Each structure stands twice: as C-alpha cells, then as structure tokens.
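Visitor: Any chance you could fold what I've pasted below:
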Amino acid sequence: MDAAEMVQSPNSLPSEQAGVDWLLPTPRHPYYVVAPRYLRTSAGVKVLHLLCHALNRAGERAYLITHPYYLPQYATHPELITPILTRATVEHDFAAGLAPIVVYPETIRGNLFKAPLVVRYVLNFPGLLGGDSQYGEDEFCIAYSESLARSIPSSRLTLFVPASDPRIFTPAPEQERRGTCFYAGKYKYHHGGELFDVTRDSTEITRDFPDSPTQSQIADLFRRSELFYCYENTALAIEALLCGCPVVFLPNPYFDRVIGADEHGWDGIAWGTDPSEIDRAKRTVHLARDHFLHHFDVFHDALGQFISLTQSEAAGRKYVEPVVVPYLNHVNPLLKIAGLIEIVRSIYRDKGAAETASLLIRRVRRRGMSFLP
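Guide: Next up is the predicted model:
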C-alpha cells in the first residue's frame, strides 16, 4: 500500500477522475437552499442542510439562504459542506446567466426571494406548519415521502433524505430493557394536548430546553427502554428503531398519518396500544434497521434524478432579474462599520500601527470611502 492509499479519506476521488474538469468549475445552474440555521433537534432543518451538503458532494454548487436570518458563523454544521449564499455569488450567477434553482420548504409562502425556478420541498403535510396548502403550476414540487407525495397532485419526485445517524443510534442486544419513554413535543407544547395515561410513568424526551438530553443520552435511553411512545411524526421514531426499541404511535386529533410509512414500513412500529400490535412491533423491530440503511442508496439514486430534472428545468427559465435576498442587497450600515473595524484590526495585528495608518491613508486618497466592505 502506498502513501496515497494510506491517507485516502472516504471523501477522496479515484485518481482516474482527476483532470481539468475535476479542478476547474463547469458552468451549472446553482442551488440556493432556503433553511433556518442548523438545528440538531429539527429533522426538517437537518434534511434541508443535508440536501445542500449532498448536492455539493455530487459536484454541484449549492448554497444556503438562512431564513430567518442568522449570523453565518453560527448557522451551519461544521462537518457539512453548506456555504452561505453571498452577494458576490448572486451577482456572479446573474452575470453568467445561470438561473438559480431555489429550494423552499413547504413552510414558506410563495416565492419569497423572486427565484426564476422554485423547487417546493414538501417535508410535512401542506399547511400543517404554515406556508401554502396549494402550489403554483410553475413550481417544481418534490416530496419527502410517498405519503406526502400523494397529498400533492403536482409532485414530481420523492426525495427521502435519511437524516438520522445510524452510527450514533445503534442497538445493544445484550442490554436489558426496562421501562418506557415518550415524546410529545408539538402535541404537548404547541397544541396543548393532554397526555395519555399509558405514558404517565414514562420518561419524557424533550428538545430545546436547557435540560433536554443530548443525542448520545437519547440513544442510551432507547437502548435500555422497552417501548417508545410517540404522539407525532418525528425522527426520534426512526432513531428508536435504529437502537432496537419498538415504537408505539399514539393517534390523536393532530396525528393521523405516519409521514414515512412507505419508506420505513411497519416493522418495529405499532399504531395504537392494542397488545397484538405492540407484540408484532417487538417481534419485528430487528428488521427496521436494515430498512433504514437501504435508503442511503435510494437517496443517492434519487438525488441524481433530482439534479437531472432540475438542471433541465432551469435551462428553460429566463433569468432577467437577480434573486432578491434583503440581507444581501441591503447591508446594515452598522455591519459595514463593524466589518471595516475587523479589517483594520487584522491589518494592525499583522503589520503594526504605523504601516496600518499609512495603508489606510493611501486607500482613502485613492478610493475615498468606497473601500468600505
């Protein structure tokens, strides 16, 4: 084994793929993915960030538009390839005539940033968490699951992103299971629903509270729990299955369908508290992990189809006005001043006071105040 083979990472490319086209960019329609800042506890947000990451891994140019706006240094996951969209990128793409493919989640109404091509990524039932309940004919609609696709007449593709990490959520066959746990995030805290008696003595899993458990703590809980009761659609159900913990979904006025039923099936899952349903879930839970792992390959193939379809669609769209992202087009003067201060500080640390002052004087004489960031 030579040195190159010894240090090769999983992200490395075979040497035969090297060359001009590998290093130098080929003009392609870029992807602007609209998403909130990265949140480990939100499956929908993770899916959007992972989509951006996967597009970049596939050789495309994909960027995030953080909405609502969030400071860029805190908006992304450090291990994902998810660059934040900049004004320079927007201007470059417009000048090059590369119509961007803007991916909106279903929670955002209309075409907020005036994109030439809108991809509507439906991650939950239309209108349930906000946004439009119907979509325009000129929108390219895709669904997170087959169940969601059936609720959207215009759906063009199903793109199920497996967002849970099977390297963290692992089974422990030798672990003795005792007790139960439950999750009722939106049901309890958003809708104000009353908890069922069956979960009265269960351990509650919460999110986004100061004392909420970490991923590893949740995984440990799933590995030792006999059952996981769930009041709503959540990625926690998949993560419980990955740990070998059967899931019992609790139907209620706010939860009557499982979003990913077609994708992960019913092995390890009971719908309701009927003893025979729970017994079936316990007997089949060992099959659920392989079902989920299979979808990493399915997603890889579906992503290729998504890229092909959207690139073709974008090629037929006129790009006559650049997309409008307010915080890129109208930068707060205070941010400009803060940026200038940081520039001066960095030059000062490198060159010292005298040379920094001399440089600033020369720049002002030559360009006036136009050198402001």
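Visitor: Please make it C-alpha for all contacts and neighbour counts, starting now.
Guide: Fine.
Visitor: what's the domain layout of the protein?
Guide: For the chain, automatic domain parsing gives the domain ranges 24-164+298-315, 180-291, 333-365.
Visitor: I'd like the mean pLDDT over the second one, please.
Guide: Right, domain 180-291. The average pLDDT within domain 180-291 is 96.
Visitor: all numbers from here: first residue = 50
Guide: Noted, 50 is the first residue going forward, which turns the last one into domain 229-340.
Visitor: Any idea how far that domain is from the middle of the chain?
Guide: Its chain's C-alpha centre and that of domain 229-340 lie 21 Å apart, by Cα atoms, centre = their mean, to the nearest Å.
Visitor: Need the domains of the chain in a markdown table (columns: distance to residue 223 and mean neighbour count).
Guide: Shown next, in a markdown table, are the domains of the chain (distance: least, Cα to Cα, whole Å; neighbours: other Cα atoms under 10 Å):
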| stretch | distance to residue 223 | mean neighbour count |
| --- | --- | --- |
| domain 73-213+347-364 | 23 | 18 |
| domain 229-340 | 10 | 18 |
| domain 382-414 | 55 | 13 |
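Visitor: nearest to residue 376, of those?
Guide: Closest of the domains of the chain to residue 376 is domain 73-213+347-364, at 7.7 Å (criterion: Cα to Cα).
Visitor: for this structure, what spans make up the strands?
Guide: 80-84, 111-115, 150-154, 166-171, 189-192, 204-207, 229-232, 252-253, 276-279, 296-298, 318-320 (DSSP state E).
Visitor: before we move on, the earlier item: compare the domains of the chain and report which one is nearest to residue 371.
Guide: Taking Cα to Cα, domain 73-213+347-364 is the member of the domains of the chain nearest to residue 371, at 5.8 Å.
Visitor: And the closest one, end to end?
Guide: Distance across domain 73-213+347-364, first residue to last, is 21 Å (Cα to Cα, to the nearest Å).
Visitor: which residues touch stretch 335-345?
Guide: Stretch 335-345 is contacted from outside by 209-211, 215, 290-291, 293, 312-314, 316-317, using Cα atoms under 8 Å, 6 or more residues apart in numbering.
Visitor: and which of the residues you listed is nearest to residue 236?
Guide: Nearest member of those to residue 236, counting by Cα to Cα, is residue 290, at 21.1 Å.
Visitor: looking at it, that closest one is touching residue 313, isn't it?
Guide: No - counting by Cα atoms under 8 Å, residue 313 is not a contact partner of residue 290; they are 9.8 Å apart.
Visitor: The stretch 300-422 of the chain: helices as residue ranges?
Guide: Using DSSP state H, counting those that start in this stretch, the helices of the stretch 300-422 of the chain run over residues 310-313, 324-333, 337-364, 375-378, 382-400, 402-416.
Visitor: Put together a markdown table for those helices, with distance to residue 145 on each row.
Guide: Below are the helices of the stretch 300-422 of the chain laid out as a markdown table (distance: least, Cα to Cα, whole Å):
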| stretch | distance to residue 145 |
| --- | --- |
| helix 310-313 | 40 |
| helix 324-333 | 54 |
| helix 337-364 | 13 |
| helix 375-378 | 19 |
| helix 382-400 | 27 |
| helix 402-416 | 28 |
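Visitor: Which of these sits closest to residue 267?
Guide: Closest approach to residue 267 among the helices of the stretch 300-422 of the chain (Cα to Cα): helix 337-364, 16.9 Å.
Visitor: can you state the direction angle for the closest one and strand 80-84?
Guide: On the basis of axes from the mean of the first three to the mean of the last three Cα atoms, to 10 degrees, helix 337-364 is oriented at 120 degrees to strand 80-84.
Visitor: Tell me which residues touch residue 132, please.
Guide: Residue 132 is in contact with 111-113, counting by Cα under 8 Å, 6+ apart.
Visitor: List just the nearest of those residues to residue 367.
Guide: Looking at these and their distance to residue 367, the nearest is residue 111, at 19.7 Å (Cα to Cα).
Visitor: quick one: contacts for the closest one?
Guide: Taking Cα under 8 Å, 6+ apart as the test, what residue 111 contacts is 79-82, 101-102, 104-105, 131-132.
Visitor: got it, and residue 329?
Guide: Residues near residue 329 by Cα under 8 Å, 6+ apart: 316-319.
Visitor: what about it, distance to residue 232?
Guide: 21 Å.
Visitor: Can I get the strands of the chain in JSON lines including distance to residue 415?
Guide: Listed next are the strands of the chain as JSON lines, based on distance: least, Cα to Cα, whole Å:
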{"stretch": "strand 80-84", "distance to residue 415": "37"}
{"stretch": "strand 111-115", "distance to residue 415": "35"}
{"stretch": "strand 150-154", "distance to residue 415": "40"}
{"stretch": "strand 166-171", "distance to residue 415": "42"}
{"stretch": "strand 189-192", "distance to residue 415": "49"}
{"stretch": "strand 204-207", "distance to residue 415": "55"}
{"stretch": "strand 229-232", "distance to residue 415": "63"}
{"stretch": "strand 252-253", "distance to residue 415": "64"}
{"stretch": "strand 276-279", "distance to residue 415": "65"}
{"stretch": "strand 296-298", "distance to residue 415": "68"}
{"stretch": "strand 318-320", "distance to residue 415": "70"}
